[in-house]
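J.: fold the following.
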Amino acid sequence: MAGRVLIDSNADLRMNQLKSVTEPKSSKSSPARDAVLELKSRIGKSVLGQDHLVESMLIGLLANGNLLIESLPGLAKTRAVKTLAKHLAADLSRVQFTPDLLPSDVTGAEIYVQTDKGGQFEFQKGPIFANLVLADEINRAPAKVQSALLEAMEERQVTVAGKTYKMPDLFMVLATENPIEQEGTYALPEAQLDRFLMHVVITYPDEASEGEIIRLNRAENAQAPKDHTSEPPPIPQQAILDARGEIDGIFVSDLVQTYMVDVIYATRFPGRYGEPLSKWIQVGASPRGSLALDRCARTRAWFDEYDFVTPDHVRAVIHDCLRHRIILSYEAVSQGVTPDQVIDKITELVAAA
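T.: Purely as a prediction, here's the structure:
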């Protein structure tokens, strides 16, 4: 079946059908949405100039996925995660990935203990058993250690010594990596990258935000120790779980679902759209890409107070959902083409209906 392209004799008819189901209408406000927006506001007061990172963390949390965050050093990745944990009633654990790290340092291990009944083995949980797990510089550890995260990320459980231990209902891995340092690093395999719901790329803040960061840091250093009793209570985990239930009810029309499928198939069969896509893409997105688009687009619609998904919601999350799922050809890499440029071309060619 040929892919849908912008030059199409039936495009006008389909666009009219699309408009009939996508006229703006807002869903009702809810305590869960109010709580999430309050959480976003609190994080934004401490993490300046990184609105996209803050929104992406919340989308990943609400969509029950994991994030790979890529940026240069010092762009508030760790600060953002810590601030999220501070204002959410959630446990945070941080693992600094290094070449000498062992898988048991992440998952935990059985240890021999002496009790009144004699010696026995007990499982001592590792840092993976937290609500929020910050895997700092994940590409500095070899594949064997990186793989310790895979079962927890995909199946929400960890198996050690033949026993399976469930992860908490609220669980998210936020892995960071530095794109400019290659010495002493281990590239993440494609199969592991595919398990991240989104790959978020963070850039420098603008000039105004940079000045605000300096002022905020100066104020924080000058202040006396804070009275934590005056701080507002953290947002309860139940608010996130309730929001997930509301997001599950967001409507996706057949036309919008077809649009998402067409986008994914454009990455798999770029020859349908001619050059340059046919020369840029070596391997396209897996079905996890389709699921990521659906989950993140519904979450984006929920944030915008819509009770249905529009093509604009899909386009708002498409880069974060697909940039790590497309393998470029040698020709594209040699020409300096980036995954984001490929995705831009796909959204240009694939019709929204």
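J.: just the CA atoms of the host helix or strand of Ile214, as PDB, please.
T.: Assigned by DSSP states H and E, Ile214 belongs to helix 207-222. Extracted in PDB, the C-alpha atoms of helix 207-222 (Å, rounded to 0.1, in the frame of the first residue of the first chain):
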ATOM      1  CA  GLU A 207      20.300  34.900  27.300                       C
ATOM      2  CA  ALA A 208      17.400  36.000  29.600                       C
ATOM      3  CA  SER A 209      17.200  32.600  31.300                       C
ATOM      4  CA  GLU A 210      21.000  32.600  31.700                       C
ATOM      5  CA  GLY A 211      20.800  35.800  33.700                       C
ATOM      6  CA  GLU A 212      17.900  34.400  35.800                       C
ATOM      7  CA  ILE A 213      20.000  31.400  36.500                       C
ATOM      8  CA  ILE A 214      22.800  33.500  37.900                       C
ATOM      9  CA  ARG A 215      20.400  35.500  40.100                       C
ATOM     10  CA  LEU A 216      18.800  32.300  41.400                       C
ATOM     11  CA  ASN A 217      22.100  30.800  42.300                       C
ATOM     12  CA  ARG A 218      23.300  33.900  44.000                       C
ATOM     13  CA  ALA A 219      20.000  34.100  46.000                       C
ATOM     14  CA  GLU A 220      20.200  30.400  47.000                       C
ATOM     15  CA  ASN A 221      23.800  30.800  48.200                       C
ATOM     16  CA  ALA A 222      23.000  34.000  50.200                       C
END
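J.: show me what contacts Val200?
T.: Val200 sits next to His52, Leu53, Ser56, Leu67, Leu68, Ile69, Glu70, Asp320 when contact means C-beta atoms under 8 Å, 6 or more residues apart in numbering. C-beta here means a position set from N, CA and C on the backbone, and glycine is covered the same way.
J.: could you redo the last one with a cut-off of 6 Å?
T.: Listed by C-beta atoms under 6 Å, 6 or more residues apart in numbering, the contact partners of Val200 are Ser56, Leu67, Ile69, Asp320.
J.: may I have the phi/psi pair for it?
T.: Backbone torsions of Val200, given as degrees, to the nearest 10, read phi -100, psi 130.
J.: chain center to the helix or strand His52 falls within, what's the gap?
T.: For His52, the host element (DSSP H and E) is helix 51-62. Centre-to-centre, helix 51-62 and its host chain are 7 Å apart (C-alpha atoms, centre = their mean, to the nearest Å).
J.: can you list contacts of it?
T.: When contacts are defined by C-beta under 6 Å, 6+ apart, helix 51-62 is touched by residues 40, 43-44, 47, 67, 80, 84, 172, 197-198, 200, 202, 243, 296, 299.
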